[in-house]
Structures are given as structure tokens and as C-alpha cells.
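J.: What shape does this take:
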Amino acid sequence: MTSSDVYLDPAWRLDRFDQTGTEAIFIRADRDRLSEAPFLDQRWRQPHDELAALSVQNMVSHAPKSAPPAFIWHSAFCCSTLLAGVLDHEGAALGVREPDMLMTLANLKRQGQGVSGVLPAVLNWLSRGYDAGERAVIKPTNLANNLMSDAMAASPSSKAILLTSSLRAFLVSIVKKGEAGRAFARFMYTVFAMDGRALSISEIDRLRLTDLQIAALVWHMQIAEMNALSQGEGSGRVAWLDGDAFIARPEPVLARVAEFLELDLTAAQIAQAASGPKMSRNAKAPEQGFAAASRAEQNEQIARSLGPDLDRIIEWSYGLHADTPSDAPVAPALLG
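T.: You can find the predicted model right below:
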């Protein structure tokens, strides 16, 4: 294997930096493996992977001239992994879900390091299709949302979906995930606070907040980040989408999404995706089934179990975030 092989063969996928931060590590993977991976982080790596390394300088200077990617930025627990997966269609769109490189750059930015010198090259490598006609649909983790404006500036022809859920649905999802969900809500709060999105409250007042109060603040922090994008670098290039609208009406939503993102998907391909096996599997755990009706029923049961506390937390959070419209996500909305 030579550097030229990495430059010329799209099966070489940019994966991560090495521990020194001086080399970029590539994994050789066929298209099926990449498109089926819900997380392109440590979870997709295998013990016997064929690896290649380029200096970061060579990675930047030899970045491929890829078509501008489409993005799905999201607020977590709103079916973003599923949406990116069903849009994947060989020859037209390549789903690139939660690449570790973007999480790394997001953390470097939080540490005060500049990322503008490498971000355009990273996006070009991540966007490289296996086929000349493929456009990448990049779905970062929501923990990399601090890169939204940077990524849209680095790729000025790109468009993005801002995929969210209602605050109520977000809180229900946290509860549904049990103690792990509540712990993740607090973790997200600490991460987004580093992005300057936290309220000015004392540490002791913050410690008095319940898990669901913290989760509500996390939702508002993410909406604020998306609003900043839609009014700044993403002005005119983003559309909001509610995750429940996607689940309720997958075919018309997919058609609108594909049209907005300028993906070359036919009506037949969209219909097949909307009724295909991916819509009946858990996108993050394909061995598990997924049914919209049972999901909605389970969510409603959880909401009922929370009783009036759920409404009180929602009302309390909007009292602290008067600038967030009560019908957020904010227009323009694609559907829902």
C-alpha cells in the first residue's frame, strides 16, 4: 500500500488522528460496511482492519475534490441515524454517520484550538463517494453541534437538515433510556456549557436541578445552536424537520428531504426506502425491531407516568428561555 493508493481508492476512509495528532489514520472498508455502520467511531473498528497513515499535512494537501456533502444536524433521540440510513442509496447518496473525526475536531475547538485549517480537508475526505455520482450525507453526533457553523462555512454549497424533536418528546426519550439516559443528559449539559450555551446560574443552583430539568436545558441549548446556524452561516441553506413527522409520514418527508438536499434519488427509490426493511429495524441496533405505532404508544405511557411534572418542567424551561418559541423548532420547517 502506498500513499497513492489512499489518494485514489475511495475504499480508504478517513477514520481518526493518531495519539500524537500528527498522522491521520485511514481504514480500508467496502461500501456495505460503511453504509451499514450506525457509528463511525471505535464501534465500527475491527481487530484486523487494514490501516494506512498519512501525515496531517499530506491529508490536508491531498484531500479529494468531493461533491459538497449534505448534513443532518440533530438534537439526539429524533431518528437521525435512521434518516441518514434510509437516504443511503448506492450511486446516489452515501450515509456517513457519526464520524469520529468530527467529534475530535469538536473537542479540539472546545479546547481553544483552531480547526479551520483542517476542517475543509476532513469534510472532503469524509464526503468521498465510492461512485462518482454519490453525494455524502454526513450525520455527526449531536455532541459535535458546535461545528455546525464552521462546517457550513467550510462547505458553502452544502445544505443541511436540522432534525429535532419537541421538548416533550426529548424528555420522554431521556426517561425511556433509564439511568443511562439521565446520566447522558447531564453529560451533554457539561459539553454544551463549554460551547457557551449554559445559563448564568450558580453551581449550587445547578446541583439542585433534577435530571429532567437539566435535560430540558440541554434541549434549549441545542435549539439555540441551531438558531444561530439558521440565522448565520446556514441562512437559506437549512431546513428544520421534526423527527416524529418523519416517522409518521416517511415517504413524503424523504421526498422533501431529498429534494432540499439535492440528492439524486428517484421517486421509486424513495418509496422503496420508506417501506423497506430499514424502517422496521432499530437503526442503532439492527437486530432489534422498530415499529412506529409501538414507539408512539410507549412514549405516551412514559409521558402519562410522569404526570403533571412533565408539563411543569417544560413550562419552567421556557420561562428561562423566553427567546425560544413555544412551537420550536423554528421555521422554516420542511415538514412537521
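J.: What is the helix or strand Val60 falls within packed up against?
T.: Using DSSP states H and E, Val60 maps to helix 56-61. Helix 56-61 sits against strand 23-28, helix 119-126, with contacts defined as 3 or more CB pairs under 8 Å, 6 or more residues apart in numbering; DSSP states H and E. (Glycine included, C-beta is placed from N, CA and C.)
J.: okay, and for the chain, where does confidence drop off?
T.: Scanning the chain for pLDDT under 70 picks out the ranges 1, 289, 322-336.
J.: Quick check: buried residues in the helix holding Val60?
T.: Across helix 56-61, burial judged by 16 or more other CB atoms under 10 Å covers 56, 58-60.
J.: could you point out which element follows it?
T.: strand 70-74.
J.: what comes into contact with that following strand?
T.: Residues outside strand 70-74 that contact it (CB atoms under 8 Å, 6 or more residues apart in numbering): 80, 83-84, 93, 135-140, 142, 145, 148, 151-152, 158-164, 226, 229, 243, 261-263.
J.: Okay, angle between that strand and helix 119-126 too, please.
T.: Relative orientation of strand 70-74 and helix 119-126, computed by axes from the mean of the first three to the mean of the last three CA atoms, to 10 degrees: 110 degrees.
J.: which residue packs closest to Lys109, ignoring adjacent ones?
T.: Closest residue to Lys109 apart from its sequence neighbours, by CB to CB, 6 or more residues apart in numbering: Val115 at 5.3 Å.
J.: just Lys177 next, same as before
T.: Phe184 (7.2 Å).
J.: Surely the one you found touches Val175?
T.: No - counting by CB atoms under 8 Å, Phe184 stays clear of Val175, with 11.8 Å between them.
J.: What are the phi and psi values at Gln222?
T.: phi -70, psi -40 (degrees, to the nearest 10).
J.: Let me see the contact set for it.
T.: Taking CB under 8 Å, 6+ apart, we find Gln222 in contact with 75-76, 142, 145, 164, 192.
J.: Run through the helices of the stretch 151-300 of the chain in chain order.
T.: For the stretch 151-300 of the chain, the helices defined by DSSP state H, counting those that start in this stretch cover 167-176, 178-193, 203-207, 211-231, 243-248, 250-261, 267-275, 292-306.
J.: Make a markdown table from these and add distance to Arg128 to it.
T.: Below are these laid out as a markdown table (distance: least, CB to CB, whole Å):
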| stretch | distance to Arg128 |
| --- | --- |
| helix 167-176 | 33 |
| helix 178-193 | 29 |
| helix 203-207 | 43 |
| helix 211-231 | 24 |
| helix 243-248 | 27 |
| helix 250-261 | 17 |
| helix 267-275 | 21 |
| helix 292-306 | 34 |
